[in-house]
Each structure stands twice: as structure tokens, then as C-alpha cells.
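>>> what would the 3D arrangement of this be:
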Amino acid sequence: MNRDARIECAKKIDLVEFLKSHYSMTFDSYDRTICPFHNDHDPSLSVFKSKKDGCWRWHCLGCGEGGDILDFLKLKEGLGLAKGLALLREMGTDKPCSIGPRMTPVGKLVASYDYADESGVPLYRRLRFEGKKFRMERFANGKWISALNGTRRVLYDLPQLVRASEVLLLEGEKDCETVKALGFTATTMGSVNQWKAEFAAWFKDKDVYICFDVGNEKQAARAASDITRVAKSVKILGLPGLTEREQDITDWFERMGETSLDEKRTRLLDVVEKTRVFEPAASNPEAKPAGRALTLTEFLKKDVSPRDIFMDNWVEREHLTILAGPQKAGKSILSVNLGLSLAYGKDFLGFKVPHPRRVLYVQQEISEPAMLERLRQMTSRMTSSCSDNFMIENTAGNPLKLSTAAGRERLRKLLADNRPDLLILDPLSTFHDKEENSSTEMATVLETISELKSEFTVGILLIHHFGKPSLAVRKGSHRLRGSSVIGDRADSLIMLDPVKPCHSMQNTSPDCYGQISFDLRNDASPSPIAVVREPTTLWYKRTSQGGFSSRKLSEDRIVEIVRAHGGQIRQSDLERQLKGTASRGTVLKAIGNARKTGLLVADSLPERGKPVLLKLQGGLS
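Residues are numbered from 1 along each chain as shown. Predicted coordinates for the structure are as follows:
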């Protein structure tokens, strides 16, 4: 058979049965299933057979992907046309245009997990092969047959579940076997995406402990909501110390090494004891009827988790912080200083870091060699004990765009795989292709960021630039480049301004000095702090405000500010901009000296109070 004929034959394979058999995907009555190519919650992938040519195809309304069986293998397994056909041939039968009972995955059989009804009669089994490949077989006429073909779906080890008074609901069969060895009753539906509301009936009057893999908290809450209606109690367990690499209960026990079975059991029971009973919103006694607002008394009684602050006045969980400043001011270096301090649990610039956090730094502006050089300088005096808490994704050569479906999915995968407490995006302008001055277009980008913040319960730090100087001095979020909607969405705004030092302090490059100021939504803003960047380690540290020069201000700094504002500025606005870096008397003296030397001229504006307008002598030329 030539290649064209093999392609045509492959396209006529029953795609529903193929996906059921080899990927354990379940379908509703309309041949819809959960899409494996994006974070899907409701079945959005449809499979259908064309009446015109008899070929099977699939399409996802959520992410827009689609095609035939070969397109599926390309996306799922990374296989080109030739390798896709070869894989189908290895899995095939004597009837090349069908998937028959002799179709078996490639690899060695690792385990067989049998599913039975309440009385123990076998229904189907799930075969696990090397490489974490699975295949489903149904039991019919005394033998095992490939594919389920509508076989009744049940929970694993159902006979034991029916008899138990307390049970653990886990994500996979391997986890169940791990827990059963400790004397517990455990069950699963095979994977989190195969949970069905009708399964809840088997948990009636039982104490249920749900423990899904790290990252599947929403699926755990969904199952808990269904089970709570009939169970005696439900708890969702969070096992301490798990990461994206060690993410399930089997990993948790394996980390205990040679610990005895009794000790492992005791540790799990301790987690159960410390976990609160799950209460869905619908059954919460504080829940209000639709359309009625809470009274003050009801609101004050709400039981909510306290704020999880990573570092005072800077960042916290599920908050958006923007770190902004002029170009080349050192924002990226400051953000990495911050990220490393959180990863290592070290206080930064006098601000308290209670304990280490996981930080994911995604940057799209600096080349990888330059980034590597920076990090080597910053970590040269640090131990490696917490270095795994700081993760970096350098996408400068292949920028990730939140304004595209593919970009959003890339970032979601990064968050799901790394599970950070804080996500740093550096700089914001590289993560979209929208018009920054358009409030409508920027709102869509920021809405995506807000969704990620809630979906992954992560704090987010955006690095952004100040806008071009204007005649009027802008303050707070109005200094940011682009639409005001950017600053309006921030919970915290951190601003880094370059500041000129005096001659006695210039053993360090003048470009290393700056002032950090704060504009906070939920807390009182601390006073601005003066900082200097150590050239060899690239770490910022506090310095004295008194180190900033009034003599230098008298000429260079004043002219620089006026020039940056288009060659002219109101004197009152200039004074406000320099407030905090020098006294008003020093500023007035500096302005007077600039006028005496002919660098500036002053005009009175025809307004009430006759405000003074300072202008460069000869304009900007």
C-alpha cells in the first residue's frame, strides 16, 4: 500500500474508539470530550465522521485546534506524518482501516488495574505501559476486548469503597495502591477529568478525603462539591512540601525514604486531622440568597484566608504589582534582586521576607548570555540551598504574547509546571502586540493577567516603563507609559527614579544611584528610600538621602529635568518632582543659580497667582 493510501486509510479509523482506547478519553452522548491541548473544564473537543468522504475529524471550540488522527498525533506526541503513520501501523491490525482488538500500545506492560461493579464482577481494566501509556479493555464473554464501547464506568476498587466508612479519593490507581498498603481504603476514577457527578452517590454517609495532584485544586473542589451533598464529611488534603516535580501522594510517601509504614500512616492522619472540613458556597451558612447583599454583620463574620504577603509593601499572593521607571534605570536588575531575595528567604532593602517563596522570572528583552552574566554576578556570594526556588524562562528569541491563544497557553503551562508563588514578567511591552495607549486593547491584556492571577493563586510583578515627559508633572500611576488602565489595575506601584549623587559618593558610578517610591492601594505607602547598586554584585542597598548633591542639582539636574519636559516646566511642578531628594530651599537655590548663569529664563504665566514658567535658554536646540 502506497503512502497516499495509508494516509486515507488512517483518516477513516474510528477516532472516538481510538482516543478511548489509547488515551483513556471519555465522551458524552454528542462525542465531545475534554481537550488535552488547553486548560479545558467543559467538553469542548468534538469528534465527528464526515458524511462526504467517511473520514474522522476533530475540532476544539476552546483553542481552535483540529484535524484528523494524524494531526492529533502530531500535536499530542510531536510526530510528523511518516512517524505518525508508522505508529499507527505498529498499533494496527490485519484490517488497516479499523482499530481492532489486536491494537496494542508499544512498550512493556507495567501494571493492570481492574474495575468491577459493587458485587465484584469485572467490567473493564486500565493497562499501564512503559512511558506512562495507557490502554482500556472491557471484559465481555469471558475475555478482555480492546476499547470500552459504552461499558458502564465505575470507581476503582468499588466493592471495598461500598463497605468502607472513610475513604481517600485520589487521582490515579498507582496512588490508590500506595495508600492501600498503609491500611486505608482508596479509590479513583482514573484521572481528574473523568469525574462524574453521579459517582458521588457511592460516598453516602462516609468521611471522604480528596487528595489530587498539585495543580488540580479546582478539580478537587468540583468533586468535593458533588460529594458533600451525600457524605458525612469531606476534606481536601494539601500535602506539605510537594512541588511540580513531586506532585502526588505517592511522591510524598517516597520522599520519606525508609520511614516505617506506621510512621507514614501517622503523618497522613496528622494531615487529615489538621485539614478543615470542606464547605461549598451553596451549603455555607453565610451564603446569601441571589440578589441580596450581605449586611455589615454578615460580612464581618465571613471566614476568609488572611493576606499572604511575600514582602512588606512590595508583593503578595493574588496581587498585581507594577515596577516602573525610565529606560535603563535598572528596573530589571531590581526585580531580579527582589525575586532572589524571596527565593532565598532573605530580607531586602530593610523589608521583611518571612520565608522562602517560589519565583518564576520570564524575561523577553535581554539575551541569554547577558542574563547568565547578571545572575552569576548576583549569586556569586549566595549559597545554592534555595536556588531551585528561583526559576527563569528566557524567551527573548521567541517572545510569548498574552494577546494570542498560543501565548496564553504557553504561560499557563509554565505556571502549571512550575507552580510559583510570584510570577515576574519583564518587560510588559514585550508580552503583547496591542496599542498601549488604547484602554480597550490594554484591558484585554490585563484581564488575561488577572485571570492567571486567580487561576493559579499567584502574585504577579510586571516591569513597565514611564511615559514620555510632559509639561505637567505626573504623579503615581499617571507616570506609566500607555493607557491609564494599566496603572488602575495595579494593587501596588513601585517606582525607581535615577538620582545624581554628590562628588564624595562617586566611587560608584553615578548611574547606580536611585530613589524607590511606593504607591499602594491597600496599605499606607512608606517614605521613598535612596538606593545604590553595587557594581560587582549588582545588588541594590540603601544609602543616605544626604548623599545627593545640591551643587550638582544647581546645574546638571535642573537643566536635565527641564529638558526632559520639552524645554519648559512650571516651577511649582519642578519643586514637587524634586521633593524628597532635596529641601525646598536647596531646590530654589539651584533654580536661582541656573537663572543667574543663563541656563534658564523665567516667565510669568497669565493666570491667577502668576505662576512661574521656567524655560531653557534658546529652547531645546
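>>> I'd guess His465 is in a strand, am I close?
Yes - under DSSP: H, G, I helix; E, B strand; the rest coil, His465 falls within a strand.
>>> and it, what is it in contact with?
By CB atoms under 8 Å, 6 or more residues apart in numbering, the contact set of His465 is Ala324, Gly325, Pro326, Gln327, Pro427, Ser429, Leu480, Arg481. Every residue, glycine included, has its C-beta placed from N, CA and C.
>>> give me the element Leu375 is part of.
helix 368-378 (DSSP states H and E).
>>> show me what that helix is packed against.
Judged by 3 or more CB pairs under 8 Å, 6 or more residues apart in numbering; DSSP states H and E, helix 368-378 is in contact with helix 331-344, strand 390-394.
>>> neighbouring strands of the helix or strand just after the longest one in the sheet, and parallel or not?
Using DSSP H and E, the helix or strand that follows helix 331-344 in sequence is strand 359-363. Under the criterion DSSP bridges, strand 359-363 sits next to strand 390-394 (parallel), strand 422-426 (parallel) in its sheet.
>>> for those, which one sits closest to Asp270?
Asp270 sits nearest to strand 422-426 of all the strands paired with strand 359-363, at 29.1 Å, using CB to CB.
>>> hmm, who's touching the closest one?
Outside strand 422-426, the residues that touch it by CB under 8 Å, 6+ apart are 310, 315, 331-332, 335, 338-339, 342, 357-365, 415, 431, 449, 452, 456, 458-463.
>>> before we move on, what's the pLDDT of Glu534?
With respect to pLDDT, Glu534 has a value of 91.
>>> pretty sure it is touching Lys541, no?
Yes - using CB atoms under 8 Å, Glu534 is in contact with Lys541, at 6.6 Å.
>>> still on that earlier bit, with mean neighbour count as extra columns, can I get the strands paired with strand 359-363 in JSON lines?
JSON lines is the format used below for these (neighbours: other CB atoms under 10 Å):
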{"stretch": "strand 390-394", "mean neighbour count": "18"}
{"stretch": "strand 422-426", "mean neighbour count": "24"}
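>>> lowest average pLDDT across the ones you listed?
Mean pLDDT, when computed for each of these, is lowest for strand 390-394, at a mean of 92.
>>> report the inter-axis angle for that strand versus helix 331-344.
150 degrees (axes from the mean of the first three to the mean of the last three CA atoms, to 10 degrees).
>>> which element follows strand 390-394 toward the C-terminus?
For strand 390-394, the following helix or strand on the C-terminal side (DSSP H and E) is helix 405-418.
>>> what's that next one packed up against?
Checking 3+ CB pairs under 8 Å, 6+ apart, helix 405-418 ends up next to strand 359-363, helix 439-455.
>>> give me the mean pLDDT for the shortest one.
Averaging the model's pLDDT scores along strand 359-363 yields 95.
>>> next one: that strand to chain centre, how far?
Taking CA atoms, centre = their mean, to the nearest Å, one finds the center of strand 359-363 at 10 Å from the center of the full chain.
>>> same check, this time on stretch 135-152
That offset, for stretch 135-152, works out to 40 Å (CA atoms, centre = their mean).
>>> please apply the same query to stretch 433-444.
Taking mean C-alpha positions (CA atoms, centre = their mean), stretch 433-444 and its chain are 21 Å apart.
>>> buried set for that stretch?
Buried positions in stretch 433-444, judged by neighbour count with 16 or more other CB atoms under 10 Å: Lys434, Glu436, Glu441, Met442, Ala443.
>>> okay, Gly215 and Lys132: tell me how far apart.
16 Å (CB to CB, to the nearest Å).
>>> so which of these two has more stuff around it?
Gly215 (17 against 8; other CB atoms under 10 Å).
>>> surely that one is in contact with Gln247?
Yes - the pair Gly215 / Gln247 is scored as a contact, 6.7 Å apart, by CB under 8 Å.
>>> give me the neighbour count for the residue lying closest to Ser454 once chain neighbours are set aside.
Counting by CB to CB, 6 or more residues apart in numbering, Ser454 lies nearest to Glu318, which is 6.6 Å off, once chain neighbours are set aside. Using other CB under 10 Å, Glu318 has 15 neighbouring residues.
>>> tell me the pLDDT of Glu318.
With respect to pLDDT, Glu318 has a value of 89.
>>> for it, helix, strand, or coil?
When the rule is three-state DSSP, Glu318 gets the label coil.
>>> can I get stretch 321-329 in CSV, CA atoms only?
Taking Å, rounded to 0.1, in the frame of the first residue of the first chain, the C-alpha atoms of stretch 321-329 are listed here in CSV:
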residue,chain,number,x,y,z
THR,A,321,2.4,44.9,41.4
ILE,A,322,4.0,47.1,38.7
LEU,A,323,7.6,48.1,39.0
ALA,A,324,8.2,51.1,36.7
GLY,A,325,10.8,53.7,35.8
PRO,A,326,12.6,55.3,32.9
GLN,A,327,14.5,53.2,30.4
LYS,A,328,17.9,52.0,31.6
ALA,A,329,17.1,52.9,35.2
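>>> so which bits of that stretch are buried?
Thr321, Ile322, Leu323, Ala324, Gly325, Pro326, Ala329.
>>> ok, now stretch 570-577?
Arg570, Gln571, Asp573, Leu574, Gln577.
>>> so the second one makes contact with Leu613?
Spelled out, that is Gln571. Yes - counting by CB under 8 Å, Gln571 touches Leu613, with 7.4 Å between them.
>>> Glu279: which of the buried residues of stretch 321-329 is nearest?
Thr321 (31.4 Å).
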